[in-house]
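K.L.:
here are the coordinates; sequence isn't available:
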């Protein structure tokens, strides 16, 4: 096995391929939501039934993600990633042919299975195939590509459904993962991680079998990282689901202006990830970067909740919240890398990122209840509180990792 240092060209190719795959994953997060008006009419569904389709997706993805990490460490990230992309394409085909609510649920479950593999597979590929000095930029691109997937899905699906119908929109969406799968297959040699499967399939003499595989779950840092993702996903769920409606009720904005606030959040988040990649590449204490970024974002959310600024400023503050969250992204992923035991990257990222899916499943229900109770300001209060709580978990992870490194150096 070659131990040559990856070239800039090779790093860029790997980062680009993994980024494209991640964009497809986030595109399929919203494979149904933009089509809700058409699905509601076609199947005579309630809003609760439509919401359940999203809940099923994230619950299946969350459970599958924790399990997928073990599979990644066993058979390699490339094989698992290819399978996940195939499942996404299959899910869109099933959804396009749905003639009942149960088929919609089945398609949503298949999409959840496909989505579950991406974080453990992607981060294993990046950690194994990209040189360490460029990892901060790799994680930055990975996050940006996800945001682009979120941004592209509503535009693509509503345009296709408007020009044709919702079934054609889903059939067209199915072509995307299959095209990306073909691209990845052509460049499959760049995505080899043989050393991952070899390290697990052929453990050293004296390893404790299953106990060795699960040993990482005894590490406090792993569960602190899980808590960090769950908390930040709760905030993100509130922003994605109800920030626009909350802005309309708090500030009397038009739908277009309130939507502009969410757009500002997404665009600024992508910009923050670019800058965050440079910060993460130079910083040694990633928890401090996260703490500063989330402190600012949390304070901005509380200012919006207080309704003490003009509507235009509230839109700008939405962008500021997104920028803070984006800056923290690459440092967050490097923080997890530092807390991961050797040869357990897939398992750690799988378990940790399952907190993201659980938070995205639970967040909308919590914030929806606040909206139903007539408290739109509490949406931003909750977002601010969750972001501040995330600071505590990030600092705890950083301190725990620093202590472990100091003990290892002393030994």
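P.N.:
Alright, I've got the coordinates. Predicted model, so just to flag it, every value in this text is computed and none were measured. Numbering: from 1, shown residues only.

K.L.:
do you know how far residue 295 is from residue 31?
P.N.:
Per Cβ to Cβ, to the nearest Å, residue 295 is found 35 Å from residue 31. Where you see a C-beta, it was placed from the backbone N, CA and C, and this is true even at glycine.

K.L.:
Would you mind listing the buried residues in whatever helix or strand residue 162 lives in?
P.N.:
Using DSSP states H and E, residue 162 maps to helix 135-163. By neighbour count with 16 or more other Cβ atoms under 10 Å, helix 135-163 contains the buried residues 135-153, 156-158, 160-161.

K.L.:
if we can go back for a sec, more neighbours, residue 295 and residue 31?
P.N.:
Shown here are residue 295 and residue 31; by other Cβ atoms under 10 Å, residue 31 has more neighbours (25 against 15).

K.L.:
these two touch, right, residue 129 and residue 138?
P.N.:
No - Residue 129 lies out of contact with residue 138 (Cβ atoms under 8 Å); the separation is 9.1 Å.

K.L.:
which neighbours do the two share?
P.N.:
Taking Cβ atoms under 8 Å, 6 or more residues apart in numbering as the criterion, residue 129 and residue 138 both touch 11, 14.

K.L.:
Which residues are in contact with residue 249?
P.N.:
Counting by Cβ under 8 Å, 6+ apart, residue 249 touches residue 376.

K.L.:
Distance-wise, check it relative to residue 305.
P.N.:
Residue 249 is 12 Å from residue 305, where distance means Cβ to Cβ.

K.L.:
and what of residue 398?
P.N.:
Distance, residue 398 to residue 305, by Cβ to Cβ: 28 Å.

K.L.:
Could you do residue 133 as well?
P.N.:
Distance from residue 133 to residue 305, by Cβ to Cβ: 41 Å.

K.L.:
between those two, who's got more neighbours?
P.N.:
The residue with more neighbours, out of residue 133 and residue 305, is residue 305; 21 against 10, by other Cβ under 10 Å.

K.L.:
Surely that one is in contact with residue 385?
P.N.:
No - using Cβ under 8 Å, residue 305 is not in contact with residue 385, being 10.1 Å away.

K.L.:
Domain boundaries for this structure, per the record?
P.N.:
Per automatic domain parsing, the structural domains of the chain span 8-186, 215-402.

K.L.:
Lowest average pLDDT across those?
P.N.:
Across the domains of the chain, domain 215-402 has the smallest mean pLDDT, namely a mean of 84.

K.L.:
starting at the chain centroid, how far to that domain?
P.N.:
11 Å (Cα atoms, centre = their mean, to the nearest Å).

K.L.:
now swap in stretch 41-48 and tell me
P.N.:
Put simply, stretch 41-48 sits 28 Å off its chain's centre (Cα atoms, centre = their mean).

K.L.:
what's the first-to-last distance across it?
P.N.:
The straight-line separation of the ends of stretch 41-48 (Cα to Cα, to the nearest Å) is 14 Å.

K.L.:
Quick check: buried residues in it?
P.N.:
For stretch 41-48, using 16+ other Cβ under 10 Å, the buried residues are residue 45.

K.L.:
next one: stretch 353-366
P.N.:
The neighbour-count check on stretch 353-366 (16+ other Cβ under 10 Å) flags 353-364, 366 as buried.

K.L.:
Residues in contact with it: which ones?
P.N.:
For stretch 353-366, contacts defined as Cβ under 8 Å, 6+ apart pick out 51, 54-55, 58-59, 61-63, 65-66, 116, 119-120, 225-238, 240-242, 382.

K.L.:
quick one: residue 231 from residue 389, how far?
P.N.:
From residue 231 to residue 389 the distance is 5 Å (Cβ to Cβ).

K.L.:
who has more neighbours, these two?
P.N.:
residue 231 (24 against 19).

K.L.:
ok, and for the helix or strand where that one lies, which residues are buried?
P.N.:
Assigned by DSSP H and E, residue 231 belongs to helix 220-251. The neighbour-count check on helix 220-251 (16+ other Cβ under 10 Å) flags 221-251 as buried.

K.L.:
Heading C-terminal from that helix, find the next helix or strand.
P.N.:
Moving toward the C-terminus from helix 220-251, the next helix or strand (DSSP H and E) is helix 255-282.

K.L.:
Count residues in the vicinity of residue 37, would you?
P.N.:
Per other Cβ under 10 Å, the neighbour tally for residue 37 reads 12.

K.L.:
how close does it get to residue 45?
P.N.:
The value you get for residue 37 to residue 45, if Cβ to Cβ is used, is 11 Å.

K.L.:
Compute the inter-axis angle for the helix holding residue 162 and helix 255-282.
P.N.:
If you take axes from the mean of the first three to the mean of the last three Cα atoms, to 10 degrees, helix 135-163 sits at 160 degrees to helix 255-282.

K.L.:
Show me where the stretch 51-200 of the chain has its helices.
P.N.:
Using DSSP state H, counting those that start in this stretch, the helices found in the stretch 51-200 of the chain span residues 77-96, 101-115, 118-129, 135-163, 166-186, 194-201.

K.L.:
Please compute how far the longest one lies from its chain's middle.
P.N.:
If I follow you right, that is helix 135-163. Computed by Cα atoms, centre = their mean, the separation of helix 135-163 from the middle of its chain amounts to 12 Å.

K.L.:
other SSEs contacting it?
P.N.:
Packing contacts for helix 135-163, counted by 3 or more Cβ pairs under 8 Å, 6 or more residues apart in numbering; DSSP states H and E, involve helix 8-29, helix 118-129, helix 166-186, helix 255-282, helix 311-339.

K.L.:
The first one: how far from the chain's middle?
P.N.:
This means helix 8-29. With Cα atoms, centre = their mean, you get 13 Å for helix 8-29.

K.L.:
Who are the packing partners of it?
P.N.:
Here helix 8-29 touches helix 77-96, helix 101-115, helix 118-129, helix 135-163, helix 166-186, going by 3+ Cβ pairs under 8 Å, 6+ apart.

K.L.:
can I get these in CSV with distance to residue 18?
P.N.:
Shown next, in CSV, are the helices and strands packed on helix 8-29 (distance: least, Cβ to Cβ, whole Å):
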stretch, distance to residue 18
helix 77-96, 8
helix 101-115, 15
helix 118-129, 5
helix 135-163, 6
helix 166-186, 9
